[in-house]
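# fold the following, please.
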Amino acid sequence: MTGDELFNLRRGNNVKVICPFYNFKEGDILKVELVNLINESIYCRSLNKPIGKQVFDINISDALNNLSVTDEHIN
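This next block holds a predicted model:
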């Protein structure tokens, strides 16, 4: 993800995992729920995970290195 993509990231955007990290594999699609620049994190949801384990707090450096904004949708 570029700095411009991060700056324009909003709730409801989809992001794609481009490099495996945490428990995500390459190609996973996540929906952005909250962008918190003060705490330097974004909260994303994955419908591929069980309820209770769907929302992830991802720090901005991990987001910049491992995610890209996409038009693809969560299955």
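
# what segments of the chain are strands?
14-17, 29-36, 41-45, 55-59, 67-70 (DSSP state E).

# looking at those strands, which is closest to residue 7?
Across those, residue 7 has its closest neighbour in strand 29-36 (9.5 Å, C-beta to C-beta). All C-beta atoms are positioned from the backbone trio N, CA, C, and that covers glycine.

# partner strands of that closest one and their direction?
The pairing partners recorded for strand 29-36 under DSSP bridges are strand 14-17 (antiparallel), strand 41-45 (antiparallel).

# those strands: which one's closest to residue 55?
Ranking those by distance to residue 55, with C-beta to C-beta as the measure, places strand 41-45 first at 5.3 Å.

# tell me the gap between that closest one and the middle of its chain.
In terms of C-alpha atoms, centre = their mean, to the nearest Å, the centre of strand 41-45 is set 6 Å apart from its chain centre.

# burial count for residue 3?
9 (other C-beta atoms under 10 Å).

# quick one: residues contacting it.
residue 64 (C-beta atoms under 8 Å, 6 or more residues apart in numbering).

# any idea how far residue 73 is from it?
Distance of residue 3 to residue 73, computed by C-beta to C-beta, to the nearest Å: 25 Å.

# setting aside sequence neighbours, what's the nearest residue to residue 65?
Nearest residue to residue 65, sequence neighbours excluded (C-beta to C-beta, 6 or more residues apart in numbering): residue 19, at 6.7 Å.

# hmm, residue 62 and the one you found touching each other?
No. Contact between residue 19 and residue 62 fails when scored by C-beta atoms under 8 Å: they sit 9.6 Å apart.
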